[in-house]
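Student: Kindly return the folded structure for what I paste below:
(chains A, B, C, D, E, F, G and H, ligands or ions: 12)
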Protein chains: 8
Amino acid sequence: ARRGYPEAVYCAGKSAEQVRAIAAELRRRHRAVTLFTRAGPEHARAVLAELPDARHEPEARLLAWPPAPPEPTGGRVLVLAAGTSDLPVAREAELTARYLGRESDLVVDVGVAGLHRVLGLLDVLRSAHVVVVAAGMDGALPSVVAGLVAVPVVAVPTSVGYGAAFGGLAPLLGMLTACTPGVAVVNIDNGYGAGHLAAQIAAAR
Amino acid sequence: ARRGYPEAVYCAGKSAEQVRAIAAELRRRHRAVTLFTRAGPEHARAVLAELPDARHEPEARLLAWPPAPPEPTGGRVLVLAAGTSDLPVAREAELTARYLGRESDLVVDVGVAGLHRVLGLLDVLRSAHVVVVAAGMDGALPSVVAGLVAVPVVAVPTSVGYGAAFGGLAPLLGMLTACTPGVAVVNIDNGYGAGHLAAQIAAAR
Amino acid sequence: ARRGYPEAVYCAGKSAEQVRAIAAELRRRHRAVTLFTRAGPEHARAVLAELPDARHEPEARLLAWPPAPPEPTGGRVLVLAAGTSDLPVAREAELTARYLGRESDLVVDVGVAGLHRVLGLLDVLRSAHVVVVAAGMDGALPSVVAGLVAVPVVAVPTSVGYGAAFGGLAPLLGMLTACTPGVAVVNIDNGYGAGHLAAQIAAAR
Amino acid sequence: ARRGYPEAVYCAGKSAEQVRAIAAELRRRHRAVTLFTRAGPEHARAVLAELPDARHEPEARLLAWPPAPPEPTGGRVLVLAAGTSDLPVAREAELTARYLGRESDLVVDVGVAGLHRVLGLLDVLRSAHVVVVAAGMDGALPSVVAGLVAVPVVAVPTSVGYGAAFGGLAPLLGMLTACTPGVAVVNIDNGYGAGHLAAQIAAAR
Amino acid sequence: ARRGYPEAVYCAGKSAEQVRAIAAELRRRHRAVTLFTRAGPEHARAVLAELPDARHEPEARLLAWPPAPPEPTGGRVLVLAAGTSDLPVAREAELTARYLGRESDLVVDVGVAGLHRVLGLLDVLRSAHVVVVAAGMDGALPSVVAGLVAVPVVAVPTSVGYGAAFGGLAPLLGMLTACTPGVAVVNIDNGYGAGHLAAQIAAAR
Amino acid sequence: ARRGYPEAVYCAGKSAEQVRAIAAELRRRHRAVTLFTRAGPEHARAVLAELPDARHEPEARLLAWPPAPPEPTGGRVLVLAAGTSDLPVAREAELTARYLGRESDLVVDVGVAGLHRVLGLLDVLRSAHVVVVAAGMDGALPSVVAGLVAVPVVAVPTSVGYGAAFGGLAPLLGMLTACTPGVAVVNIDNGYGAGHLAAQIAAAR
Amino acid sequence: ARRGYPEAVYCAGKSAEQVRAIAAELRRRHRAVTLFTRAGPEHARAVLAELPDARHEPEARLLAWPPAPPEPTGGRVLVLAAGTSDLPVAREAELTARYLGRESDLVVDVGVAGLHRVLGLLDVLRSAHVVVVAAGMDGALPSVVAGLVAVPVVAVPTSVGYGAAFGGLAPLLGMLTACTPGVAVVNIDNGYGAGHLAAQIAAAR
Amino acid sequence: ARRGYPEAVYCAGKSAEQVRAIAAELRRRHRAVTLFTRAGPEHARAVLAELPDARHEPEARLLAWPPAPPEPTGGRVLVLAAGTSDLPVAREAELTARYLGRESDLVVDVGVAGLHRVLGLLDVLRSAHVVVVAAGMDGALPSVVAGLVAVPVVAVPTSVGYGAAFGGLAPLLGMLTACTPGVAVVNIDNGYGAGHLAAQIAAAR
Ligand SMILES: Nc1ncnc2c1ncn2[C@@H]1O[C@H](COP(=O)(O)O)[C@@H](O)[C@H]1O
Ligand SMILES: Nc1ncnc2c1ncn2[C@@H]1O[C@H](COP(=O)(O)O)[C@@H](O)[C@H]1O
Ligand SMILES: Nc1ncnc2c1ncn2[C@@H]1O[C@H](COP(=O)(O)O)[C@@H](O)[C@H]1O
Ligand SMILES: Nc1ncnc2c1ncn2[C@@H]1O[C@H](COP(=O)(O)O)[C@@H](O)[C@H]1O
Ligand SMILES: [Mg+2]
Ligand SMILES: [Mg+2]
Ligand SMILES: [Mg+2]
Ligand SMILES: [Mg+2]
Ligand SMILES: [Mg+2]
Ligand SMILES: [Mg+2]
Ligand SMILES: [Mg+2]
Ligand SMILES: [Mg+2]
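Tutor: Numbering: from 1, shown residues only, chains lettered A, B, ... in the order given. Ligands and ions are numbered 1, 2, ... in the order given. Have a look, this model is predicted:
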């Protein structure tokens, strides 16, 4: 694995056959932890045909092999999903961080419309070494969270929403121009990248 | 005045001479309250040459004539400026609402980065019949405010900021996709329009 | 219900199972009026399985429970649809306003191409406390309407149209830059938000 | 002149010296009517140094030589300017049409916010063979006018406005998606092109 | 028919039932020529169920009733399609012009890559009273054609192409900034609007 | 200071008088480290009038008071500037990180066009706890760097460049879609934000 | 064939029948090498029905007839695909160059994330007369390659990727603003155009 | 010089002092041909202070040192400027190609509006080994030229124009989607890059 982290196979741009060939090769060479991201049902079947013990998390469109994540080291990663629709992205972040060797947790439904919910999480928030926030629509949550914690916030805009959300452009711009410093932005819907970055930030030193 | 409200003369697109001619005509016909908006120093001089008792508010780039606003009727308008740089727009909104006949107040420096500031304003917020929020950058404030009050929030994005703020596009999109319902959006930097709309919403019925 | 208004469940981003779970929970806790917005046929089935007496309005993709709207208070909401294709959005606005406790009516096919139609509605327009206008393409209607009434106009751009309409961008920009003050803009296709805002504006005080 | 119409020299991209050289050449070869468009003060001085009897219309940034327009033929061109700030573009259109050999007139301040003004012009509108409409902001006027006349409407969006007008993008999109057929769109601020097209449409046949 | 021209029913935004109701109403009231534009197979079936003698042109997605176009008056409309893929739009323009009462013809496959083809059409081009040009990709054809004829050119960008064509944006911008005056632009893929405008331009006077 | 870090005063949106008032207030209350960012010459004069011992770094448009940065703790921050024109942004990042308590260094002129330069820095790169990369134009450098190190890379796009760089949009999109995971993106030209985020990432734990 | 190169039939915008008619015509007239690009399965069947010996390359969506490419002349074309998902575009480029008469080779999976892979190709790169690089996401590869070779690099952005890749916009902008000179950009996904241009560049002289 | 070609110093992003230091260093080390591009008057003064015999071409904003271009080798580069306003960019391309060792010529004022002009150049066009075309507005010229020659066309869009030209976006998109293959696009206003690429294409082999 490049630079000490698991390899990831991005399935979306590949045929099931291509993914199966990679899985077969993997079994032969028996390398360390590998993630299959953006895996649709057919990709999943292809992987499981070669690596039957792989762990499959359909909601996050993720497969991991070998199935057991490494023993956690470093700091704790906390993932927030602003709404239910941000869950797939948030879960992809949570699982990626875990398979990269961090302890990680997920809290759902933390919109800025209900501030009490955010404020009620203050203790949990402040115990994390890095907070990942997945949010669509106006993407205002990372700004609010970054104002409450001293650690970095990884903001991942989602394509959830319609109209002027323009496929995630609105939260992307909102996160980039967040009034509070300490917000690290990754690509729209890039739960994998968010989890990876969070794991690097919280790595043991 | 069309539909019972003061006329407004938009100066930005006019020469000082054109504005002066309008002011002279106004003096002759002696119509009710008139506002000169987006008035630069030369526009202001032109108006004051014809209407020496006009009230000039340079920060808001506004002149009003006759100088005294009408006796307030209807509900109270509260204007919030997220940062100091949003002041010109916020003040234009406050003064417009006042000259359209509403009681109106202005509170500055209420960013989402410091939630305590917003929460400390809860009582003031809840006493208003409509809240105007001027904010640039990520434009997250209206969403947060709308979650705290039952009345409409008029959101005016400002061109304050740089880079991915794209001249007000970021807060504009953020306000349009605000997670909380009850947010009415007007054009970027349109303090006049925000104050006008707020005055209509808070009109006596 | 947050801030005294019904809760709304945005179905588009949720699976039928997630929606059903929410409906079941609702039945147990028996809370006040709840709306299910952007509900496709499967979402509707899921809601009706748990709340068989819910009212289902397929054209507006809306379900309401309990089925009877509250006794109207406050002012009257008038909804205009520029063309037949704007109907789903307009109807969503009308019903939302009604379930938030306002009297509300809908008039269809009021394009600016046929001014006589708009002018023939003057009396109806002037009896409303707020006018909602749903329009796609050039979105010129709110500007025209706002010039005829003294009350606020809530403009909701629709994604109706093709080519340079760019999925609602053209009417959105047109409404934001409307020459007439008094236009409150909400997100593209956001009939729910338009109806909610209108209900807040026309609330009894 | 190419295709029987006057040549036009677009000055904006040229130095005063380049423009002067063209004017000198023109005097030598004594060709038919020539227009100098987008001419700033220095361009004008350069033209007048070589062609002292040229007609200079500073508001329209236009010079014409020889100074007298041709005897009008064909139909009548009517130019409408939505607001005072649209005047330079509208006047450029009016003068271009006249120098291309059409009778042409200009009416200013015909916004959609005051429909009575448009409706009061019905007779004038219906006597024209083509109507040019210059409008910024929401650009809704051509749509309304095209619904009132049977002849083509040439719509020229202007860069007048701010914020979401995005330098003329908003009226451009609005005019392209006008609900009424019969609207011919030209480039933002292109008064010359609008007048040229109108003159071609109204040409004697 | 508004302003003396046939009515057009835009089917794309309507259900088959809505279109059928309009057709039925039409049969009852027996009004003059009506066009059904953007009619898919189901819309066509609905129209033909009520108006069995309507003329159906599937390639142009158009139905006309009564089926016979009016006796031509006014000048001749020539429609050029840059490539085969621009045919549906070009044909919609040709038929619209014919049903609005003009003689009209269509020539296909006239790209700028093969100038000889354009130059070989010079006589045909110069016999027309107006030329409609439908082109996608770079949309360079109208510019070239307008340099060859003295009459107006109606340019209709098509969404043909991929990548940086951005759904018709590239030819739209190209046509708006055409170096040659005399180009009237309509919305992307708007064959109906192009044919309508051309018919108005070529109308008998 | 909010959350334990220095306050920063964003000068760009403020008048010299407003900045001076803040500096005066600061002197009175004697709070901990404060940064004045985006300070033009007049802002700098205003700050120095009140706080004569403040450190002024004109290239980075930054002032710091008190002038001495805190004793470094935590990990090392390495800042790379792709070209000379990216220096102001890179230097703002370096100084911010230093005043937030990190050891920090700056290396200039590390474009991807000359890979040997990047590869020659491998040892320096790998000794850092976080790498900040400031780059305009195509913004390809962070991708390359992130492939060489295991620690997070903070990528700050700059508005350096012309044409299709679109004021920083090109490098912004390039950094967001970097093929290598581990890239944290901040706003265009936001050297302050990049340095702040880097300092948080490298904070002692 | 225009200008001495094979004709290409762009199938995407044509029906299977239209393509079949072209193939039949081709058989009759027996012209030189012809390519069918963007051919889906139905287009392929149509071509093969008329020209059974045509060569079909489904991955590149290409058919060539007659099946044997010409004897190579001129310089060597090297095609690089950054990732597996860029293969269809890269292969279209490779085959086009070959059918236009150049020797051409394809190397896959050469991302900038793994520089060693690029550096390991130095000898192959330097033996080519032109290098085609197909890359999506951040499109950083052409910049890096152009820094290593003295010959032109033809860069073809692909629509591979998601979010801020915006359908190929991100790599397109990145390639246009590449820091290294010598990069020739073609349209997004335009493997045909890239191969054609490369063949022209490497043509024997 | 990297890869055998002259170095180029991009002055736009540097202070006069920075440029002077580079020129001084150059004099000391006496390296081969160096170009200073995008040099304003102050940059030019700085270069000439250190390298008094440098050749300065103000229209192209270029300085070259040593002043004499190398003896030409390889094929001939022909540069076309669509209009006078495209001259600075075209001249930058011509001079760059010459200093990279190619024979190069420049022809001005070759718009598509006057096809006879383009057709009159056929012999000159066909004698070149590569044609560079600089054009703003609709950028249709490269498409037309590429249809007339067998060699590659390097298309450089210019920011000349207004309105929907959007600073060069219109010609950029037009050139990328040119209907004729064989068009290599470089960045807006990038005369240097166009000349560099042309010189590489026409290099002796
Ligand atoms: N979901 C994802 N989003 C963005 N990048 C990814 C994702 N999954 C994997 N990658 C990156 O893509 C690389 C694998 O690409 P490939 O070799 O085409 O499978 C990995 O090393 C990651 O850097
Ligand atoms: N600052 C402003 N922003 C937007 N619209 C304005 C502004 N000031 C005035 N207006 C509108 O512009 C109209 C006046 O335009 P004009 O006749 O050109 O002065 C007024 O009736 C208002 O509706
Ligand atoms: N294909 C079309 N593209 C644009 N506008 C159209 C089209 N067909 C009809 N229209 C316009 O839309 C109006 C009919 O809209 P509707 O009442 O919704 O059927 C007609 O009066 C035309 O002005
Ligand atoms: N895949 C492609 N992408 C872009 N242009 C193409 C492609 N294939 C063919 N062309 C061009 O389109 C022309 C054929 O268009 P058509 O006559 O519609 O088949 C050819 O002469 C090529 O110049
Ligand atoms: Mg923080
Ligand atoms: Mg509220
Ligand atoms: Mg009103
Ligand atoms: Mg009309
Ligand atoms: Mg013409
Ligand atoms: Mg890394
Ligand atoms: Mg190279
Ligand atoms: Mg060619």
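Student: all helices for chain A, in order.
Tutor: A:16-29, A:41-50, A:87-99, A:115-119, A:122-127, A:141-146, A:169-176, A:191-201 (DSSP state H).
Student: what packs against the longest one?
Tutor: So that's helix A:16-29. The helices and strands touching helix A:16-29, judged by 3 or more Cβ pairs under 8 Å, 6 or more residues apart in numbering or on different chains; DSSP states H and E, are strand A:34-37, helix A:41-50. (Glycine included, C-beta is placed from N, CA and C.)
Student: Next: the last one.
Tutor: With contacts defined as 3+ Cβ pairs under 8 Å, 6+ apart, helix A:191-201 has these neighbours: strand A:76-81, helix A:87-99, strand A:130-135, strand A:153-157, strand F:183-185.
Student: For the residue most central in space within chain A, which non-adjacent residue is closest in space?
Tutor: When Cα atoms, centre = their mean is applied to chain A, the residue found nearest the centroid is A:Ala93 (1.3 Å). Leaving aside its chain neighbours, A:Ala93 sits nearest to A:Gly195 (3.8 Å; criterion: Cβ to Cβ, 6 or more residues apart in numbering or on different chains).
Student: per-domain residue ranges of chain A.
Tutor: A:2-65, A:76-201 (automatic domain parsing).
Student: Need the outlier residue of chain A, farthest from its centre.
Tutor: Of all residues in chain A, A:Arg28 sits farthest from the chain's C-alpha centroid, using Cα atoms, centre = their mean; the distance is 28.4 Å.
Student: Now do the same contact list for A:Cys179.
Tutor: Contacts for A:Cys179 (Cβ atoms under 8 Å, 6 or more residues apart in numbering or on different chains) come out as A:143, B:82-83, B:111-113, B:137-138, B:140.
Student: Just flag the most distant two among the residues you listed.
Tutor: A:Ser143 and B:Gly83 (13.0 Å; Cβ to Cβ).
Student: For A:Ala24, give its distance to G:Glu59.
Tutor: According to Cβ to Cβ, to the nearest Å, A:Ala24 and G:Glu59 sit 20 Å apart.
Student: which of those two has more neighbours?
Tutor: Between A:Ala24 and G:Glu59, A:Ala24 has the larger neighbour count (other Cβ atoms under 10 Å in any protein chain shown), namely 15 against 12.
Student: show me the contacts for the more buried one.
Tutor: Per Cβ under 8 Å, 6+ apart, neighbours of A:Ala24: A:Glu50.
Student: how many neighbours does the residue of chain A found nearest ligand 7 have?
Tutor: When scored by Cβ to the ion, chain A has A:Ala164 as its residue closest to ligand 7, at 23.0 Å. By other Cβ under 10 Å, the residues close to A:Ala164 number 27.
Student: what's near enough to touch the residue nearest to it when sequence neighbours are not counted?
Tutor: The shortest distance from A:Ala164 to any non-neighbouring residue, by Cβ to Cβ, 6+ apart, is to B:Leu176 (4.0 Å). Applying Cβ under 8 Å, 6+ apart to B:Leu176 gives the contacts A:163-164, A:170, B:185, C:172, C:185-188.
Student: Tell me the confidence at the closest residue to A:Thr34 other than its chain neighbours?
Tutor: What sits nearest to A:Thr34 in space, not counting adjacent residues and going by Cβ to Cβ, 6+ apart, is A:Glu7, at 5.0 Å. You'll see A:Glu7 listed with a pLDDT of 90.
Student: and what of A:Ala1?
Tutor: Confidence score, pLDDT, at A:Ala1: 38.
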